[in-house]
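A.B. asks: Predicted model and sequence below, questions to follow.
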Amino acid sequence: MVRMKELCIVLAVLMIDVATVRCYNPNNGRSLQHVHVVGNNYQVGFQIGRLFKPEIQNLIKGYDYYHSLETFYNTTEGRVAFERFLEQVKEHYPMYKRELEGLAAGAGVSFAQVFILNIEPEYAILMHGHSDNFQVEFGASSRFSSGDIFDARNETEFIHITDVPSELRGSGFILSATVLSNNASWKNEKFTTFVIPGFLPGSTWSYSQGTIRTVNGLFPKKINRAGIPRYFVTRALLAVSDIGAVNRIIASEPGVASGFSFMQISKKYKNVFSYYGYSRHTELEAYTYRRVTEVHGNEIQVQTTDFYPESFYFHFNMYQNTANISQFTDMETIYKQACISQYLYKELELHNLFMCPGNPSYERIRGEGAYITDNIVVFKPSEGVADIYAAGPFWGEKMLSLQMPLTD
């Protein structure tokens, strides 16, 4: 069970199976909405779509970057990619297609519009060909989650950073969902995660079945055009916690269309594990945080990586270990690594690692610029707690705490 410790107010019980709570931090003026929903995939999507109808409509109608996605959709290449990805989703994850159908109906937009949003990582790469600078060229929403840092000094904390385009800051919410399956081969789901309205859950951080997981985007220049869009694969991962089940989802045909990484921790696996897509055929195994698995196409690279073992381990939005992979240069990753390197062996609280005036990451975390940090979560697995901090001028102000007890 997830319990909130901060000042929270029940805003409304919209239906018997959906309720929303807003938590305020009086010191920084930020608030974060916590939505509880129960239903099948369509019902969950519909409830979220109806509750966040203004935000989703504004995203589609008023967000310039979305317009560039829709323009690409109207090209021959964009339409072919759309139809190919849709066929893969129909075949492998029809329940998540239903979830998006419910979302669209609740928000009063078309299914095509929300599907375009949810193939954005793949569209972004196809749209920009071989341009080298992802950050400047894309300004994309596919970097909602932009990194993890693990404190290797005592292995008791790690943080996850959620970056968003400035237009979307403050629109995200915490979702606690019980999804009732209509498919005998797919179990009911119960999870808590951070979501941006209009997008499938699963692409940021989550808690499910006693397991904490964080997800970050990776951006190979060549995508698996026959694969399953990344957001649908990370949505499927919300349903499982066992490493074997994770392996079956990631490694099954036709593979993931674009890249991502995730870190996972449970009581059974006492260290943090990282896996990297996109993938097809491979046997993934559990490694400690010093062993990192990166998967690309049909290839798998497993390397022993020390990542400053007496200080901090970190991974952001670029492949770090997979050799001979052509990927986009993400300047935000480079900025964050440069900032952290100043503090590697200093006694410093984990969530203060980005106090680097003049570094673009510092400005983003302060809430300045076109692409900014929305929130930073400090996970404390040994305590079973996650503290959520608001980025911006009051970085360091905790918005709320969630109870996340680990299980085997």
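C.D. replies: Okay, I see it. These figures come from a predicted structure and were not determined experimentally.
A.B. asks: What ranges does the stretch 101-250 of the chain have for its helices?
C.D. replies: Under the criterion DSSP state H, counting those that start in this stretch, the stretch 101-250 of the chain carries helices at the ranges 111-118, 120-128, 134-138, 230-237, 243-251.
A.B. asks: Residue 373: which of those helices is closest?
C.D. replies: helix 134-138 (14.0 Å; C-beta to C-beta). For glycine as for every other residue, the C-beta is placed from the backbone atoms N, C-alpha and C.
A.B. asks: Can you tell me which of the helices of the stretch 101-250 of the chain is most buried?
C.D. replies: helix 230-237 (a mean of 26; mean count of other C-beta atoms under 10 Å).
A.B. asks: tell me which strands and helices that helix is in contact with?
C.D. replies: Judged by 3 or more C-beta pairs under 8 Å, 6 or more residues apart in numbering; DSSP states H and E, helix 230-237 is in contact with helix 94-107, helix 120-128, strand 211-218, helix 243-251, strand 259-265.
A.B. asks: could you dump it to CSV, C-alpha only?
C.D. replies: Output of helix 230-237 as CSV, limited to C-alpha atoms (Å, rounded to 0.1, in the frame of the first residue of the first chain):
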residue,chain,number,x,y,z
ARG,A,230,8.9,1.9,-26.3
TYR,A,231,6.1,3.3,-24.3
PHE,A,232,4.0,0.1,-24.8
VAL,A,233,6.8,-2.1,-23.6
THR,A,234,7.5,0.0,-20.5
ARG,A,235,3.7,0.0,-19.8
ALA,A,236,3.8,-3.8,-19.9
LEU,A,237,6.6,-3.8,-17.4
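A.B. asks: contact partners of it?
C.D. replies: 89, 92-93, 96, 99, 118-122, 142, 199-203, 213, 215, 217, 246, 249-250, 256-260, 262, 277-278 (C-beta atoms under 8 Å, 6 or more residues apart in numbering).
A.B. asks: Quick one: closest of the helices and strands packed on helix 230-237 to residue 318.
C.D. replies: Of the helices and strands packed on helix 230-237, nearest to residue 318 by C-beta to C-beta is strand 211-218, at 6.8 Å.
A.B. asks: contacting residues around the nearest residue to residue 183 once chain neighbours are set aside?
C.D. replies: Closest residue to residue 183 apart from its sequence neighbours, by C-beta to C-beta, 6 or more residues apart in numbering: residue 95 at 6.2 Å. Applying C-beta under 8 Å, 6+ apart, we find residue 95 in contact with 41, 181-183, 186.
A.B. asks: can you redo those residues as JSON lines with neighbour count, pLDDT and distance to residue 112?
C.D. replies: Formatted as JSON lines, the entries for the contacts of residue 95 read as follows, by neighbours: other C-beta atoms under 10 Å; pLDDT from 0 to 100; distance: C-beta to C-beta, whole Å:
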{"residue": "41", "neighbour count": "27", "pLDDT": "96", "distance to residue 112": "18"}
{"residue": "181", "neighbour count": "14", "pLDDT": "89", "distance to residue 112": "26"}
{"residue": "182", "neighbour count": "12", "pLDDT": "80", "distance to residue 112": "24"}
{"residue": "183", "neighbour count": "10", "pLDDT": "77", "distance to residue 112": "24"}
{"residue": "186", "neighbour count": "15", "pLDDT": "76", "distance to residue 112": "25"}
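A.B. asks: Looking at those, spot the one nearest residue 168.
C.D. replies: Distances from residue 168 to the contacts of residue 95, taken by C-beta to C-beta, are shortest for residue 41, at 24.1 Å.
A.B. asks: still on that earlier bit, mind giving me a markdown table with the contacts of residue 95 and columns for distance to residue 336?
C.D. replies: Shown next, in a markdown table, are the contacts of residue 95 (distance: C-beta to C-beta, whole Å):
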| residue | distance to residue 336 |
| --- | --- |
| 41 | 35 |
| 181 | 39 |
| 182 | 42 |
| 183 | 40 |
| 186 | 37 |
